[in-house]
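>>> Model the following, please.
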Amino acid sequence: MSDRDKAFAEYFAARSGAMRGTAYLLCGDWHRAEDLVQTAFVKLYLVWHRVARHEVLDNYVRQILVRTFLDERRRGWWRRERVGGDNAEHPAPPNAPENRLVLLRALASVAPRQRAVLVLRYWEDLSVEETAALLRCSPGTVKSQAARGLDTLRGLLAPTHSGIEMGER
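Predicted structure coming up:
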C-alpha cells in the first residue's frame, strides 16, 4: 500500500463515522447514509493526490456529502415511502428518547436543501458563512432556508411534542 493510500485509509477510518452521522441526518436512513458516505469518500479518493490542505479536509468531505445528497434528490431516482399515521397519544417529556425519533422523522419531512442547511448549521455547528460557502449560496439564502426549515419543523412538532427544544442560533 502506498503512502497515499495509507493516508487516505487513516483519514477514512478516523472520519467516516462522523460523516455517516451527518449523512443520516440528511437522508433519514442508515443504509442510504452509508451509501452517501461511500460515494463521498470515493469522490475524495479520486482527487486525493491533489488535496494539499489536509486541515480543511472535513469541510471538503462534508461539501461532497451534502452535494451528493442534493444531487441525488434532484435526479429523482431516490424515492422514499412515507408511512402516515399518528400513534402518539400523549406528549413525551422534554428529554425523552422518543423525542429524538420524532425530530428525525420531522427532519425527513423538510425539503432537502432546507434539511442540508439545518444539519450543517445545527448538527455540524457551522456558521452562516461556512454553510453558505459549502452550499455555494449567499448567507441570506442560508438564513432564509434555516428559518423556513425551522418553521416547518415547529409546525410538524408543535401539535404533539411541545417539549422538544428548537433554539435559534
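>>> quick one, what contacts Ala106?
When contacts are counted by CB atoms under 8 Å, 6 or more residues apart in numbering, Ala106 is found next to 152-153, 156-157. Where you see a C-beta, it was placed from the backbone N, CA and C, and this is true even at glycine.
>>> Among those residues, which are located in helices?
The helices, defined by DSSP state H, take in 152-153, 156-157 from the contacts of Ala106.
>>> and the closest residue to Leu134 other than its chain neighbours, how many neighbours?
Leaving out its chain neighbours, the residue that sits closest to Leu134 by CB to CB, 6 or more residues apart in numbering is Gln63, at 4.7 Å. Gln63 has 17 neighbouring residues, counting by other CB atoms under 10 Å.
>>> In this structure Gln63 contacts Glu130, no?
No. When contacts are counted by CB atoms under 8 Å, Gln63 is not listed as touching Glu130 (10.2 Å).
>>> any idea how far the closest residue to Ser16 other than its chain neighbours lies from Val102?
Of all residues not flanking Ser16 in the chain, Val37 sits nearest, at 5.8 Å (CB to CB, 6+ apart). Distance from Val37 to Val102, counting by CB to CB, to the nearest Å: 25 Å.
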